[in-house]
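>>> Next come a sequence and a model predicted from it.
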Amino acid sequence: MIKITHHKRYENIKKARKEKNIKINFINETKDFALVIETNYHNAYVYKDNEILEVTLSKKFPYVINKLIFPGDKVILNNNEITDIIKRKNILSRDKYDGSKLNSIGDNKITAVNIDLAVIVVAVNNPPIHPNFIDRYIILLENSHIPFLICFNKCDLSTPKEDKIISFYEKLGYETIKTSTKTKEGLNILQEKLLNKTCIFVGNSGVGKSSLTNYLLADDIIKTNNIGDKTKRGCHTTTSSKYYIWSSNSGIIDTPGIRSLSLKDFNISDIKNYYKEFIPYNNLCKYHNCLHYDEPVSSCAIKQELNKSINLKRYESYYKIISEIKRK
């Protein structure tokens with residue numbers, strides 16, 4: 001194994017940033033690849049031929065591993081060194097996606113790559129349900145062209161208040177599922193939906209992503225924590241994205257829970273197109289560039305539909321995102 005000191009690797013990174021001619025070629029799909037399971041600063045763990053291997057980067061890559069490759073990546077090995085990376089079909093990044101990011105270099109905002117299905121995991125209670133967070137993840141995933149479903153976990157704690165929220169997203173046309181690792185409700189259905197796919201669980205802290213992964217693995221190997229008694233907010237359990245193989249051709253990427261999800265890097269005029277119920281009215285406003293934000297009600301078709309065909313809480317979710325983008 002090649003050992004590179006922290007200082008040496010850091011100097012290589014600074015050099016790479018200065019040398020604009022450095023380019024990494026992502027190669028076409030091939031059957032002889034290793035699947036990246038987990039990465040850290042110095043090495044990565046990959047799955048190949050029913051074995052998990054600890055590998056390093058070839059010296060031709062002047063980067064630390066976890067800024068270049070990510071769980072879900074397919075790589076080529078030579079003597080336990082990563083020599084090439086296969087082109088990705090998509091990425092999940094915590095900022096705006098565009099075509100140039102697909103084979104990103106030196107990016108620390110990418111969570112995972114090559115995803116067939118994302119599961120937005122939301123606890124219906126404990127911690128309390130946050131529709132605004134669901135809306136933000138919908139925008140992030142649709143922007144990245146990643147199919148998704150909304151998993152309302154801990155459904156055994158649901159009350160009529162939470163049932164109303166679940167019904168609202170179902171009526172908007174989003175695919176939803178209700179699960180509980182306590183009563184086992186919905187777990188077999190979830191398992192069927194994830195079979196033969198590379199999937200990713202995303203969501204806030206404490207919503208049960210790791211518990212759902214434990215169920216799929218039929219093992220409690222992932223540490224899970226209780227909700228903080230004082231804050232009622234989730235305790236972080238997963239500290240980095242990890243890929244778990246739970247069946248043939250079936251994998252789950254478990255991600256760290258996060259406290260907030262900023263969309264400030266998005267184009268402000270694009271946000272309205274991610275709200276399904278806005279689409280029939282977006283072009284009916286008096287002004288073609290209407291943001292449905294600080295324009296008067298008389299000129300904004302969206303505001304005229306509030307508490308009619310457009311839910312006020314959903315509009316408030318939209319309004320908050322626009323406000324954040326304006327403040328950046």
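Yes, it's here. Numbers count the residues shown, from 1 in each chain.
>>> Packing partners of the longest helix along the chain?
Using DSSP state H to define each element, the chain has its longest helix at helix 312-327. Applying 3 or more Cβ pairs under 8 Å, 6 or more residues apart in numbering; DSSP states H and E, we find helix 312-327 packed against helix 131-143. Bear in mind the C-beta positions are built from the backbone N, C-alpha and C, glycine included.
>>> Relative to the whole chain's centre, how far out is the helix it packs on?
Helix 131-143 sits 10 Å away from the centroid of its parent chain (Cα atoms, centre = their mean, to the nearest Å).
>>> In the longest helix of the chain, which residues are buried?
The neighbour-count check on helix 312-327 (16 or more other Cβ atoms under 10 Å) flags Arg314, Tyr315, Ser317, Tyr318, Ile321, Ile322, Ile325 as buried.
>>> Helices along the stretch 101-250 of the chain, start to end?
For the stretch 101-250 of the chain, the helices defined by DSSP state H, counting those that start in this stretch cover 131-143, 160-171, 187-194, 209-217.
>>> between the third one and helix 209-217, how many degrees?
Read it as helix 187-194. With axes from the mean of the first three to the mean of the last three Cα atoms, to 10 degrees applied, the angle from helix 187-194 to helix 209-217 works out at 80 degrees.
>>> which parts of helix 187-194 are buried?
Buried-residue list, helix 187-194, by 16+ other Cβ under 10 Å: Leu187, Leu190, Lys193, Leu194.
>>> which of the helices of the stretch 101-250 of the chain is buried the deepest?
Across the helices of the stretch 101-250 of the chain, averaging neighbours per residue (mean count of other Cβ atoms under 10 Å) puts helix 209-217 on top, at a mean of 22.
>>> can you give me how far that one is from the chain middle?
Centroid separation for helix 209-217 versus its chain: 17 Å, with Cα atoms, centre = their mean.
>>> Give the other helices and strands that that helix contacts.
For helix 209-217, the packing partners by 3+ Cβ pairs under 8 Å, 6+ apart come out as strand 117-123, strand 148-153, helix 187-194, strand 198-203, strand 242-247, strand 250-254.
>>> So which of the ones you listed is the most surrounded?
With neighbours taken as mean count of other Cβ under 10 Å, these reach their highest mean count in strand 198-203, at a mean of 26.
>>> Looks like Lys264 contacts Ile325 (just checking).
Yes - between Lys264 and Ile325 a contact is recorded at 5.4 Å, counting by Cβ atoms under 8 Å.
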